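Colleague: show me the folded form of this:
(chains A, B, C and D)
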Number of protein chains: 2
Amino acid sequence: MIIDKGIITISEHERQERFQALMARIRGAGHRMTAQREAVVRALVNSERHPSAEELFTSVRAEHSGLSLATVYKTLDVLKALGEVLELEFRDGAMPGNRYDGVRPHAHPHLVCVSCGTIEDLETDPLAGQAQAMAESRGYRVERYRFDLYGLCPTCQARARACGHTR
Amino acid sequence: MIIDKGIITISEHERQERFQALMARIRGAGHRMTAQREAVVRALVNSERHPSAEELFTSVRAEHSGLSLATVYKTLDVLKALGEVLELEFRDGAMPGNRYDGVRPHAHPHLVCVSCGTIEDLETDPLAGQAQAMAESRGYRVERYRFDLYGLCPTCQARARACGHTR
DNA sequence: TTAAATGCAAATTTTTTGCGTGATG
DNA sequence: CATCACGCAAAAAATTTGCATTTAA
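Modeller: Okay, here's the model as predicted:
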């Protein structure tokens, strides 16, 4: 796991480990393993994009031509039930549909480019600050959080500049 | 504006001021004022619940029986375009549909009860911490953020206990 | 008076579900 | 061989859109 300026990247090797762990987890929970499930899990783990269900469907279907979108959702449901995938809800703006993180299923902050849809993982714990203390002082029991920063990635800023846009 | 243990509450007087400001803003932007628009804006500003479109529709329809849900969405679109409402996306869990904050349209953290759907405003700036610095050191330009804590409010914890649930 | 806003209903979009068939353990 | 999972297509749920009618300015 490489952390550069607070942004987390994962190695090929770690992806393979994660894939094996997920396979074991699914079987261990009493679920059967199928070609479709394996392919969806592999695509989820190998993607650098925090893919949407549609993206998973498209990329997996390239090999397994008989895959259905429903199966993608059902596989994601299994992983959600096991707590092994983090679901990021997106509806409006440049990001239609939810996105999924199967590599780091625990809550963590994201850096979202509103132009190209890239999502990067941030290495920070926002609960370490005042937020959780405030919640607890009011009697809340905090179970999870969502912290996403929206903006423009360097690439999209450069493109905007090249096209004559200001700012 | 009352801040108690980091949670923000707003007075009746401030709601009225906000209502007047929104009316002026809508007219100032060249939009016409209609009975429906006025009623939706008033309901939005007076709600303590960060209401959904459906909730606004139901509460306003009580008086203005001829209101349509489409008009609620169109009014929210006007406010969104003016940057005068904060839209919180919710799809799954105990929270179907988006919720809207017309009182504080700038990004701020929320405390969300996953059991009863209550949303409270937190008085903290998560960008003051490491997050923004990390984003900027990687060349991102951060435009907005979303920071929501999910958990159980004191009331729902008490109810869970009373019903024999553990934890 | 005229351009904008409304209500209605149909269309979109994303996700879920029911069911008959096929494959896993 | 008994389930569980699959694909398909229909259903749901939330939001958007088209259009004829009404209304604010």
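Colleague: which other helices and strands contact the helix or strand where residue A:57 lies?
Modeller: Using DSSP states H and E, residue A:57 sits in helix A:53-61. Where contact means 3 or more C-beta pairs under 8 Å, 6 or more residues apart in numbering or on different chains; DSSP states H and E, helix A:53-61 is packed against helix A:35-46, helix A:69-81. (Glycine included, C-beta is placed from N, CA and C.)
Colleague: CA atoms only for that helix, dumped as CSV, please.
Modeller: Extracted in CSV, the C-alpha atoms of helix A:53-61 (Å, rounded to 0.1, in the frame of the first residue of the first chain):
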residue,chain,number,x,y,z
ALA,A,53,-22.5,-1.5,-11.3
GLU,A,54,-22.9,-0.6,-14.9
GLU,A,55,-19.1,-0.4,-15.4
LEU,A,56,-18.6,-3.7,-13.7
PHE,A,57,-21.3,-5.2,-16.0
THR,A,58,-19.7,-3.8,-19.1
SER,A,59,-16.1,-4.8,-18.3
VAL,A,60,-17.0,-8.3,-17.1
ARG,A,61,-19.4,-8.9,-20.0
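Colleague: give me the sheet partners of the top strand by length along chain A and which way each runs.
Modeller: For chain A, the longest strand by residue count, based on DSSP state E, is strand A:141-152. Using DSSP bridges, the strands paired with strand A:141-152 in its sheet are strand A:110-113 (parallel), strand B:141-152 (antiparallel).
Colleague: list the contacts of the longest one.
Modeller: Put plainly, it is strand B:141-152. Strand B:141-152 is contacted from outside by A:114, A:126-127, A:131-132, A:135, A:140-152, A:157, B:88, B:107-115, B:122, B:126-127, B:131-132, B:135-136, B:160, using C-beta atoms under 8 Å, 6 or more residues apart in numbering or on different chains.
Colleague: buried residues in it?
Modeller: For strand B:141-152, burial by neighbour count (16 or more other C-beta atoms under 10 Å in any protein chain shown) applies to B:142, B:145-152.
Colleague: as CSV, these with pLDDT and distance to residue B:30 would be great.
Modeller: What follows is these, written out as CSV (pLDDT from 0 to 100; distance: C-beta to C-beta, whole Å):
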residue, pLDDT, distance to residue B:30
B:142, 94, 31
B:145, 94, 30
B:146, 94, 30
B:147, 95, 34
B:148, 94, 34
B:149, 95, 39
B:150, 94, 39
B:151, 93, 43
B:152, 94, 45
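Colleague: residue A:93 - nearest residue in space that isn't next to it in sequence?
Modeller: Excluding the flanking residues, the one nearest residue A:93 by C-beta to C-beta, 6 or more residues apart in numbering or on different chains is residue A:114, at 5.9 Å.
Colleague: so that neighbour sits against residue A:153, correct?
Modeller: No: look at residue A:114 against residue A:153 with C-beta atoms under 8 Å: they stay out of range, at 9.2 Å.
Colleague: residues from chain A in reach of DNA strand D?
Modeller: Within chain A, the residues that sit near DNA strand D (C-beta under 7 Å from any atom of the strand) are A:31-32, A:34, A:36-37, A:64, A:66-68, A:70-71, A:74-75, A:91-92.
Colleague: what is the lowest-pLDDT residue among those?
Modeller: Least confident of these in the model: residue A:92, at 73.
Colleague: quick one: contacts for that residue?
Modeller: Contacts of residue A:92 (C-beta under 8 Å, 6+ apart): B:87, B:89.
Colleague: could you report the separation of it from residue B:91?
Modeller: Relative to residue B:91, residue A:92 is positioned 11 Å away (criterion: C-beta to C-beta, to the nearest Å).
Colleague: ok, now residue A:132?
Modeller: Residue A:132 is 25 Å from residue B:91, by C-beta to C-beta.
Colleague: go on, residue A:97?
Modeller: 10 Å.
Colleague: neighbours around the residue of chain A at minimum distance from DNA strand D, how many?
Modeller: Closest contact between chain A and DNA strand D, by C-beta to the nearest atom of the strand, is at residue A:71 (2.9 Å). Number of residues near residue A:71 (other C-beta atoms under 10 Å in any protein chain shown) recorded here: 18.
Colleague: quick one: contacts for the spatially closest residue to it that is not a sequence neighbour?
Modeller: Spatially, and ignoring its direct neighbours in sequence, residue A:71 is nearest to residue A:36 (5.1 Å; C-beta to C-beta, 6+ apart). Neighbour list for residue A:36: A:60, A:64, A:67, A:71, A:75 [criterion: C-beta under 8 Å, 6+ apart].
Colleague: cool, and residue A:63?
Modeller: By C-beta under 8 Å, 6+ apart, the contact list for residue A:63 reads residue A:39.
Colleague: so what pLDDT did it get?
Modeller: Value for residue A:63, per-residue pLDDT: 87.
Colleague: and it, what helix or strand is that in?
Modeller: Going by DSSP H and E, residue A:63 is not in any helix or strand.
Colleague: okay, it and DNA strand C: tell me how far apart.
Modeller: Separation of residue A:63 from DNA strand C (C-beta to the nearest atom of the strand, to the nearest Å) stands at 15 Å.
Colleague: now residue A:61
Modeller: Applying C-beta to the nearest atom of the strand to residue A:61 and DNA strand C gives a distance of 14 Å.
Colleague: closest to the centroid, which residue in chain A?
Modeller: In chain A, the residue lying closest to the centroid (C-alpha atoms, centre = their mean) is residue A:101, at 2.3 Å.
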